[in-house]
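1. Sharing a model prediction with you, sequence too.
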Amino acid sequence: MEKIKVLYDAQAFEFQTHGGVSRSFSELITHFPTIIDPILAIKESDNIYIKEYSLETTSPLYRTYDSFLNGVKFKGKGHLFNALSFFSFFHNSTKINRRATLEILNSGDYDIFHPTFLDTYFLPYKMKNRPLVVTIHDLITAKYPQYFKCTQLEAQKKLTDAATHIIAVSENTKKDIIEILNVPSSKVSVIYHGTPELDNSYLLGLGRPIGFEYFLYVGNRLRYKNFQYLLEQSSKILLDSGIKLVCTGYPFTPNEIDMIKRVGLEGSVVHRFASTNELFSLYKYAKAFIYPSSYEGFGMPILESFICGCPVILNKASCFPEIAGDAALYFDVNENNESLSCVLERFINLSVSQLSLLVNRGYERARKFTWEKSASELANIYQSIL
């Protein structure tokens, strides 16, 4: 059977040096069955997965708006960067990568185009009647516009209207796509992310990162993530038990430091930068991973916790029950009788056998999500739309 040439652009590999979107495309591309021939229109990138997954040989010359002038931010920087980009002597990696994509689109030497994020730059160049596949990871800026400076909704609407088929990363995201973007159900397929592939020797070799007991919080702390709720609800358990709360991601803001002080947790809440190895080590030795967020597209930290043998405590919202099933304990930020404080109290009193059962359910649940399965399902969709 003749191979299907699928074109991917550089978008996700430009706005992320590492992260969920670019990693998910890297995993899919490297797990495809042989029927799929992926074409990456990436000439320049500093994304770590380009090298880690041996995807492309890219130029070390790399300059986008973010890296321009050593990453210094100031008013009018974007206008200056765009103005300089009109001159041939000015090096703009986004323009170079985009040109590479448009050249292939214009040549017609591909079967399907699957852009890696939400920029609509290619729409005016309509692709010689080739199918367009679009992935929507979440509709967070549409659900919580008050927490974002700009919305992705307009771009998401343009792309889903133009798309031949749409990929959602969870049933919950599919529901949002149908309701918010007014897309027919038949046009959307759910393909879950896979569990990170870590062998047992790697996990066994992870040493204890911290010399005290702790609960773990991973990621940013925007308002819809309910970090203040986490602090308020966990304060009694943390103070009574001596267990701490470790938070990864960016440093605490002055407002968050005040929040921590207000609930009396100055010595109980710790910030820690974590590399990939350190993060898995934090999962492995945590008492539990706590996810109080009200909305996520998928919730990759759930699977990361499962494979590290870390118990998981989740807000019963969004896609979390869909991903975790019966392998997690659930609280409800909107219900007093199922509050996080009640669930934490119950959790720390679990017997050894009850805790072991919860961890084993996590291992079993994680095995349901594989990148081979995800890539095979996406390949089937590609074949079905040709």
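-> Good, I have the coordinates. Numbers count the residues shown, from 1 in each chain.
2. surely Leu105 meets Tyr8?
-> No - assessed by Cβ atoms under 8 Å, Leu105 is found out of contact with Tyr8, at 12.0 Å. All C-beta atoms are positioned from the backbone trio N, CA, C, and that covers glycine.
3. These two: which is more packed in?
-> A side-by-side neighbour count of Leu105 and Tyr8, using other Cβ atoms under 10 Å, places Tyr8 first with 23 against 20.
4. give me every residue that touches the more buried one.
-> 25, 29, 38-41, 114-116 (Cβ atoms under 8 Å, 6 or more residues apart in numbering).
5. of these, closest to Arg272?
-> Phe25 (28.4 Å; Cβ to Cβ).
6. check which helix or strand covers that closest one.
-> Phe25 belongs to helix 20-31 when assigned by DSSP states H and E.
7. what does that helix rub up against?
-> 8, 12-13, 16, 38, 40, 47, 49, 52-53, 55, 116-117, 137, 169, 193-194, 298, 300, 371-372, 374-375, 378.
8. and it, how far from the chain's centre?
-> The chain centroid and the centroid of helix 20-31 are separated by 11 Å under Cα atoms, centre = their mean, to the nearest Å.
9. looking at it, Ile36 is touching Ile4, isn't it?
-> Yes - between Ile36 and Ile4 there is a contact under Cβ under 8 Å: 5.5 Å.
10. and the two? which has more neighbours close in?
-> Ile36 (21 against 17).
11. Could you measure from the more buried one over to Tyr49?
-> Here Ile36 is placed at a distance of 18 Å from Tyr49 (Cβ to Cβ, to the nearest Å).
12. for this structure, what spans make up the strands?
-> Along the chain, the stretches classed as strands by DSSP state E are 4-8, 36-40, 112-113, 133-136, 165-168, 188-190, 214-217, 244-247, 269-271, 288-291, 312-315, 329-331.
13. Let's have the ones you listed in CSV, adding mean pLDDT and distance to Ile385.
-> Shown next, in CSV, are these (pLDDT from 0 to 100; distance: least, Cβ to Cβ, whole Å):
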stretch, mean pLDDT, distance to Ile385
strand 4-8, 97, 10
strand 36-40, 96, 13
strand 112-113, 97, 7
strand 133-136, 98, 7
strand 165-168, 98, 5
strand 188-190, 98, 10
strand 214-217, 98, 40
strand 244-247, 98, 43
strand 269-271, 97, 46
strand 288-291, 98, 35
strand 312-315, 98, 35
strand 329-331, 98, 37
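14. Among those strands, which comes closest to Val72?
-> Nearest to Val72, of all the strands of the chain, is strand 269-271, at 24.5 Å by Cβ to Cβ.
15. quick one: strands adjacent to that closest one?
-> Paired with strand 269-271 in the same sheet, following DSSP bridges, are strand 244-247 (parallel).
16. Quick one: residues in contact with the lowest-mean-pLDDT helix or strand in the chain.
-> In the chain, the helix or strand scored least confidently by mean pLDDT, DSSP states H and E is helix 77-84, which has a mean of 74. The contact list for helix 77-84 (Cβ under 8 Å, 6+ apart) reads 65, 68-69, 90, 92.
17. list the buried ones in it?
-> Phe81 (16 or more other Cβ atoms under 10 Å).
18. And for stretch 136-151?
-> Buried-residue list, stretch 136-151, by 16+ other Cβ under 10 Å: 136-142.
19. just stretch 196-207 next, same as before
-> In stretch 196-207, counting by 16+ other Cβ under 10 Å, buried: 196, 206.
20. Mind exporting the C-alpha coordinates of that stretch to PDB?
-> C-alpha atoms of stretch 196-207 as PDB (Å, rounded to 0.1, in the frame of the first residue of the first chain):
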ATOM      1  CA  PRO A 196       5.200   8.400  29.100                       C
ATOM      2  CA  GLU A 197       7.400   5.400  28.400                       C
ATOM      3  CA  LEU A 198       9.700   4.800  31.400                       C
ATOM      4  CA  ASP A 199      11.300   1.400  32.000                       C
ATOM      5  CA  ASN A 200      11.500  -0.100  35.500                       C
ATOM      6  CA  SER A 201      15.300   0.300  35.800                       C
ATOM      7  CA  TYR A 202      14.800   4.100  35.300                       C
ATOM      8  CA  LEU A 203      12.100   4.300  37.900                       C
ATOM      9  CA  LEU A 204      14.100   2.100  40.400                       C
ATOM     10  CA  GLY A 205      17.100   4.400  39.900                       C
ATOM     11  CA  LEU A 206      15.300   7.600  40.900                       C
ATOM     12  CA  GLY A 207      16.600   8.700  44.300                       C
END
